[in-house]
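K.L.:
Pasting the sequence and the predicted coordinates here, then a few questions.
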Amino acid sequence: MSSDTATRSLDPARPRERIVVAASGVALIALATIAGAWFFQLVLGYKPCQLCLEQRYAYYVGIPLAVVIALAASRGAARGILRAALVVLALVVLANAGLGAYHAGVEWGWWQGPTECSGQIADFGNPGNLLESLKTVKVVRCDEVQWRFLGLSMAGYNVLISLLMAAIALWGLGGGARQPR
């Protein structure tokens with residue numbers, strides 16, 4: 001294979017290759033992010049709250065979707081289907097950015113979070129077992145930040161990372177009209 005052929009086969013200006021690059025980039029960023037979340041939880045001992053766990057769903061959907069998109073694009077799948085899948089991927093991570101922004105707002109006290117992790121505990125059950133119930137209740141609060149770096153919590157970083165992944169997925173849609181294939 002000549003160097004011109006090798007360069008052209010990886011040219012992100014070509015629509016199919018651009019989709020491969022975008023989907024692969026999203027998959028790698030998402031994988032690194034969820035690995036980081038697991039590291040904070042399993043190695044460093046930071047317990048995730050309910051909203052933290054919900055923000056992980058986008059990664060559990062987005063990683064395999066991005067891998068499937070990259071593989072399908074590299075195997076010549078129809079561009080219309082690939083583009084639609086990239087739009088779905090972008091919407092998944094944009095929704096996650098919204099959830100992360102909501103969580104960050106709860107942490108900053110801008111609005112109330114879910115009562116399950118930021119409100120008062122309403123029902124302890126049988127009053128005779130109140131002390132026993134209190135010993136077993138372990139709620140990780142959504143409105144208390146466990147870790148910050150440069151003023152941002154993990155929820156804040158999730159917003160930035162999700163927006164980056166959405167931008168990459170949308171970038172993968174570009175260039176489709178220039179060179180039909």
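P.N.:
That came in fine, so what should we check first? Numbers count the residues shown, from 1 in each chain.

K.L.:
show me where pLDDT drops low in the chain?
P.N.:
Within the chain, the stretches with pLDDT under 70 are 1-13, 113-143, 145, 147-149, 175-181.

K.L.:
Which stretches in it count as strands?
P.N.:
Here the chain has its strands, by DSSP state E, at 148-149, 152-153.

K.L.:
And the top helix by length along the chain, what's buried?
P.N.:
The longest helix of the chain (DSSP state H) is helix 79-108. In terms of neighbour count (16 or more other C-beta atoms under 10 Å), helix 79-108 has its buried residues at 79, 82-83, 85-86, 89-90, 92-94, 96-97, 99-107. All C-beta atoms are positioned from the backbone trio N, CA, C, and that covers glycine.

K.L.:
So which elements touch that helix?
P.N.:
In terms of contacts (3 or more C-beta pairs under 8 Å, 6 or more residues apart in numbering; DSSP states H and E), helix 79-108 is packed against helix 15-38, helix 50-74, strand 152-153, helix 154-173.

K.L.:
L44 is nearest to which of the ones you listed?
P.N.:
helix 15-38 (10.2 Å; C-beta to C-beta).

K.L.:
Only C-alpha atoms, please: export that closest one in PDB.
P.N.:
Coordinates of each C-alpha in helix 15-38 appear next as PDB, following Å, rounded to 0.1, in the frame of the first residue of the first chain:
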ATOM      1  CA  PRO A  15     -17.300  10.900   5.500                       C
ATOM      2  CA  ARG A  16     -17.000   7.200   6.400                       C
ATOM      3  CA  GLU A  17     -13.500   7.600   7.900                       C
ATOM      4  CA  ARG A  18     -14.800  10.700   9.800                       C
ATOM      5  CA  ILE A  19     -17.500   8.600  11.400                       C
ATOM      6  CA  VAL A  20     -15.000   5.900  12.400                       C
ATOM      7  CA  VAL A  21     -12.700   8.500  14.000                       C
ATOM      8  CA  ALA A  22     -15.600  10.300  15.800                       C
ATOM      9  CA  ALA A  23     -17.200   7.100  17.100                       C
ATOM     10  CA  SER A  24     -13.800   5.700  18.200                       C
ATOM     11  CA  GLY A  25     -13.000   8.900  19.900                       C
ATOM     12  CA  VAL A  26     -16.300   8.900  21.800                       C
ATOM     13  CA  ALA A  27     -15.800   5.300  22.800                       C
ATOM     14  CA  LEU A  28     -12.300   5.900  24.100                       C
ATOM     15  CA  ILE A  29     -13.300   9.000  26.100                       C
ATOM     16  CA  ALA A  30     -16.300   7.300  27.500                       C
ATOM     17  CA  LEU A  31     -14.300   4.200  28.500                       C
ATOM     18  CA  ALA A  32     -11.700   6.400  30.200                       C
ATOM     19  CA  THR A  33     -14.400   8.300  32.000                       C
ATOM     20  CA  ILE A  34     -16.300   5.300  33.300                       C
ATOM     21  CA  ALA A  35     -13.000   3.700  34.300                       C
ATOM     22  CA  GLY A  36     -12.100   6.800  36.200                       C
ATOM     23  CA  ALA A  37     -15.500   6.700  38.000                       C
ATOM     24  CA  TRP A  38     -14.900   3.100  39.000                       C
END
